[in-house]
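1. Below is the sequence, then the predicted model.
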Amino acid sequence: MYTNVTYREIEGRSPQYFILLAVVGVFIALGLCAAYYMEHNGHHVTGMSNQIVWGMPHVFAVFLILAASGALNIASVASVFERTMYKPLARMSGLVAIASLAGGLTVLILDLGRPDRLVLAMVTYNFKSIFAWNVFLYTGLFGIVGFYLWSMMDSRYGMRFYKPAAFATFLWRLALTTGTGSIFGFLVARDAYNSAIMAPLFIAMSFAFGKAVFILILITTCHFTGRSLGRVVLFRLQRLMGIVLAATGYFVIVQHLTNLYMAERQMVEMFILFGGNVYSFLFWVLQIIVGTIAPLILLLYPRLGGNLGAIVLASILVVMGGFAQIYTIIIGGQAFPLSLFPGMDVSSTAFDATIGPYIPTLPEVLLGFSGFAVMVGIVMIAMTALRFLPLSLSDSVVDPDHLHEILDQEDGAVGDAEAKNFT
Amino acid sequence: MRSDDDWGLSRLLVVFLVIINCMAPAVTKAGDKMGPLIPKGKGERCVEETGFMRRNHMELLKHQRDETLYKGIRTKRHSLQECIACHTVLGPNGRPVTIASPEHFCNVCHAYVAVTPDCFMCHASTPGSSDPLPSGDSNEGK
Amino acid sequence: MSTRCTCAETCQQAGSVPRRSLSCTTCTRTTGGSESTKTVGTMVSRRCAITGALSAFVVSHGVFLLLSKVVAAKPADQSVSRTIRWGLLVDVTKCTEGCSSCVDACREEHGWTGFGRPATDPQWIRKLFLKDRATGYAVSLPIMCQHCEFPPCVDVCPTGASFRRADGIVLVDRHICIGCRYCMMACPYNARSFVHETPRNQQPHTPRGKGCVESCTLCAHRIDHDRPLACVERCTELGHQALLFGNLNDPRSDISQRLASYASVRVRPDLRTNPGIYYQGL
């Protein structure tokens, strides 16, 4: 059915390509300088402290790792759930996953107190630690997605492994996001985190963020390489993103309602939600209004179906909201002091019972952006070397049998503006 | 013109050879053979045979570090503290030099073989009392 | 080096923590030449001498030891034992609000002097001032690593750098700490510090390095030499007597008897970490 889909490398010779690659290079260089500056002077030059031990680099790293897992969703929908019209995008989805994970891990590693001992983290393990498990889950994802990509791209030997590889990838990425969520979920002492809901919440977040990042990369690539992008693809991606974003919203509601219900957690909940601080601003304005409600309208409002502008804007908003959400979770959760003696008014010679101060510094932010640059750089270079993207993603290529009409009818969707074909 | 160039080049070569020639004896004098000038330790002999120590001191230290940290075994024979106490090099002010100085016992060889020891990122590179003094006094001599 | 390290076997006493394969060169020698036999011989004879001297000491001072409940010094070449669980009792009724001598003593002992940047300076032990919201009862107390039996920091450490010694002391192996700070996220007591800048004033018995996490060691180096903890020593010297250290597993130790006679609490008992630090008078 898809023999007529022709994949082709991008040329990578246009001035725009080299300019973008140069910008990426500059950001990577700045990130490396920032990392060197932080390691040379010690972490006291960052905003991080003994109260806020994880800062901006971790926000970026977690976002990129979640996006990696979520980007794979496109491939999984095509292979595991047999929505074949996503199949032309599956290779690209695997590439974005690998690139995004590499970017996230770069940031995470360069922020370590002793990044020179990275090899130690690869050879000495404490298997009770979810962090140690994640080392396997992260490195394993590279291997599994690599194999998956091979099974998709090699028509002679790879084809027969396509299904098993697809299932393995799907299960692995669920495990990976569960592991990432559990980094926080397993923190018994911190009221903001300690909850099993962290795992499904992070899975839902990964779906939404991954899709947004993927869509932005896809549309940019198609724009610059002159590939046509049919309405069916866009419309499908748009709806799918709307659904996963709604799922994320649902888990956010459950997460906060649960905490509000437990008396011992009300303090930290009130701090995050109604503290009148940067975290409550980020939560309500960026995460909820900008990052959830606005994109939900852009993604699910019938009249905007297939609207390129709406999709791009929604993706950008989801990325912004995602950052706000992770910032609120990671930094906000640490800023609220630990309760050592419940029922007591506590003061100390250190920072007990005070809100942990945190102001991100330039090196941290630069290091974080270098993770993004690594992702974009890998995608750009890999696409010139291997055939990740079809020559055309127009409706006739992606959906030659007009399956979308049947699916639309089944879903009861009102696909207006049939004429809106963004080519 | 051309001969001038040649003359300049050969003059450079001569200067270079003279410099090399001057340096060579300085190096060889160090221990009657090529190698660094290793400061003498305090005691009569090392805890192990010198040749053995040169090749294996890092293994002994590594073993001892895990024994001490995980099992609380604090025998002195292979402890880094004892090495440092015995192989102290005094600076011009009469106080032990730190790892920052090229004169430091560890640095003399490690610089020669271009291997950076990681120990002193955490460990003190000068002797304190191996059996720690009562609190308050332990800062002395630092 | 390929030979199995016999030394490592002999070293693996009861309660020791098995570690990465130890390539011990001393042992490689013992498997090889004749010279090695001498080494073993001297080692054995020395150990015999130590044991002999020790037993003589125990016999002659046995009665005294039993009466004064002093814990016998562990020979330097013996591994720490699981039969001991070190603990500390803080009598908050004797801890005065203006006093921070335990904090000072700890800082001097381990050299964790700061750089005048409170947020990033190390804080192995700190004074807390508590006031009961309902009753107004106010106390002050020191808080540090609680040396849990089930330490969350050890659970989460990816490399196993956070570990619990057989005698209950929770430590950081700085040789394999990568500085990820996950243990600091996990610790319920905020007891750990990250070394944010190159430390000054390193003590020979307390290695400290930038980029690693550190916390109270319960003065393991002093315990191994049978000397009182720095904080306890200072508190006792000053006559406050607010800190009492001892073996929780020995029902005859001072600390066990005090704990058996008077009510005590531990911090965050709901987390079931079973800390080794007890508080009385709270």
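-> Looks like it arrived, so ask away.

2. Could you use CA atoms for every contact and neighbour count after this?
-> Noted.

3. Now stretch A:264-278: buried residues?
-> Residues of stretch A:264-278 classed as buried: A:Arg265, A:Gln266, A:Met267, A:Val268, A:Glu269, A:Phe271, A:Ile272, A:Leu273 (neighbour count, 16 or more other C-alpha atoms under 10 Å in any protein chain shown).

4. phi, psi of the last one?
-> Summarising the backbone geometry of A:Leu273 under the convention degrees, to the nearest 10, its torsions are phi -80, psi -40.

5. For A:Ala121, see how far away the residue lying closest to it once chain neighbours are set aside is.
-> Leaving aside its sequence neighbours, A:Leu273 sits nearest to A:Ser280 (C-alpha to C-alpha, 6 or more residues apart in numbering or on different chains; 4.8 Å). Separation of A:Ser280 from A:Ala121 (C-alpha to C-alpha, to the nearest Å): 36 Å.

6. What of A:Ile297?
-> Taking C-alpha to C-alpha, one finds A:Ile297 at 44 Å from A:Ala121.

7. more crowded one of these two?
-> Neighbours per residue (other C-alpha atoms under 10 Å in any protein chain shown) separate A:Ile297 from A:Ala121, with A:Ala121 holding more: 19 against 14.

8. Phi first, then psi, for that one.
-> phi -70, psi -20.

9. just checking, it touches C:Ile178?
-> Yes: counting by C-alpha atoms under 8 Å, A:Ala121 does reach C:Ile178; the two are 7.3 Å apart.

10. what are the ranges of the helices in the stretch 101-250 of chain A?
-> For the stretch 101-250 of chain A, the helices identified by DSSP state H, counting those that start in this stretch occupy A:118-123, A:130-153, A:162-185, A:198-225, A:231-261, in order along the chain.

11. Which elements pack onto the last one?
-> Contact analysis of helix A:231-261 by 3 or more C-alpha pairs under 8 Å, 6 or more residues apart in numbering or on different chains; DSSP states H and E lists helix A:198-225, helix A:266-274, helix A:294-300, helix A:308-327, helix A:395-398 as its packing neighbours.

12. let's go with 7 Å and repeat that
-> helix A:198-225, helix A:266-274, helix A:294-300 (3 or more C-alpha pairs under 7 Å, 6 or more residues apart in numbering or on different chains; DSSP states H and E).

13. Pick out the shakiest of the helices of the stretch 101-250 of chain A, pLDDT-wise.
-> Mean pLDDT is lowest for helix A:118-123 among the helices of the stretch 101-250 of chain A, at a mean of 88.

14. Check whether that helix comes near chain B.
-> No: on the criterion C-alpha under 7 Å from any C-alpha of the partner chain, helix A:118-123 is out of touch with chain B, staying 14.1 Å away.

15. buried stuff in that helix?
-> A:Leu120, A:Ala121.

16. Equivalent analysis for stretch C:142-161, please.
-> Buried residues in stretch C:142-161 (16+ other C-alpha under 10 Å): C:142-161.

17. ditto for stretch C:224-236
-> Residues C:Asp224, C:His225, C:Pro228, C:Leu229, C:Ala230, C:Cys231, C:Val232, C:Glu233, C:Arg234, C:Cys235, C:Thr236 are the ones in stretch C:224-236 that count as buried (16+ other C-alpha under 10 Å).

18. can the helices of the stretch 101-250 of chain A go into a markdown table with extra columns for distance to A:Asp395?
-> Shown next, in a markdown table, are these (distance: least, C-alpha to C-alpha, whole Å):
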| stretch | distance to A:Asp395 |
| --- | --- |
| helix A:118-123 | 46 |
| helix A:130-153 | 21 |
| helix A:162-185 | 24 |
| helix A:198-225 | 14 |
| helix A:231-261 | 6 |
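
19. do you know which of those helices lies nearest B:Ala85?
-> With distances scored as C-alpha to C-alpha, the stretch of the helices of the stretch 101-250 of chain A nearest to B:Ala85 is helix A:118-123 (30.1 Å).

20. Could you list the alpha-carbon positions for that closest one in CSV?
-> Output in CSV follows, covering the C-alpha atoms of helix A:118-123 (Å, rounded to 0.1, in the frame of the first residue of the first chain):
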residue,chain,number,x,y,z
LEU,A,118,30.2,9.5,33.9
VAL,A,119,31.7,6.2,33.2
LEU,A,120,31.2,5.3,36.8
ALA,A,121,27.5,5.8,36.4
MET,A,122,27.8,3.2,33.6
VAL,A,123,29.7,0.6,35.6
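
21. Could you see whether chain C lies near that helix?
-> Yes: looking at helix A:118-123 against chain C by C-alpha under 7 Å from any C-alpha, the contacts come from A:Leu120, A:Ala121.

22. neighbouring contacts of that helix?
-> C:Thr159, C:Ile176 (C-alpha atoms under 7 Å, 6 or more residues apart in numbering or on different chains).

23. run the last query once more with 6 Å
-> C:Thr159 (C-alpha atoms under 6 Å, 6 or more residues apart in numbering or on different chains).

24. Centre of the chain to that helix, how far?
-> For helix A:118-123, the separation from the chain centroid amounts to 25 Å (computed by C-alpha atoms, centre = their mean, to the nearest Å).

25. likewise stretch A:216-225?
-> Relative to its chain's centre, stretch A:216-225 lies at 18 Å (C-alpha atoms, centre = their mean).

26. Ok, stretch A:368-381 next?
-> 13 Å.

27. In that stretch, which residues have enough neighbours to count as buried?
-> A:368-380.

28. and which of the buried residues of stretch C:224-236 is nearest chain A?
-> For those, the closest approach to chain A (C-alpha to the nearest C-alpha) belongs to C:Cys231, at 16.6 Å.

29. Let me know the secondary structure of that closest one.
-> Following DSSP: H, G, I helix; E, B strand; the rest coil, the label given to C:Cys231 is helix.

30. separation between the nearest residue in space to it that is not next to it in sequence and C:Tyr189?
-> Excluding the flanking residues, the one nearest C:Cys231 by C-alpha to C-alpha, 6+ apart is C:Cys102, at 4.3 Å. Applying C-alpha to C-alpha, the value for C:Cys102 to C:Tyr189 is 18 Å.

31. Compare the two and say which is more crowded by neighbours.
-> For C:Cys102 versus C:Tyr189, neighbours defined as other C-alpha under 10 Å are more numerous around C:Cys102 (23 against 18).

32. Could you say which helix or strand holds the more buried one?
-> helix C:101-110 (DSSP states H and E).

33. So the next helix or strand after that helix, near chain A or not?
-> Reading on from helix C:101-110 to the C-terminus, the next helix or strand found by DSSP H and E is strand C:125-132. Yes: contact of strand C:125-132 with chain A (C-alpha under 6 Å from any C-alpha of the partner chain) involves C:Lys127, C:Leu128, C:Phe129, C:Leu130, C:Lys131, C:Asp132.

34. got the contact list for the closest residue to the last one other than its chain neighbours?
-> Nearest residue to C:Asp132 in three dimensions, chain neighbours excluded: A:Met344, at 4.4 Å (C-alpha to C-alpha, 6+ apart). If you count contacts by C-alpha under 6 Å, 6+ apart, A:Met344 has them with C:Leu130, C:Lys131, C:Asp132, C:Arg133.
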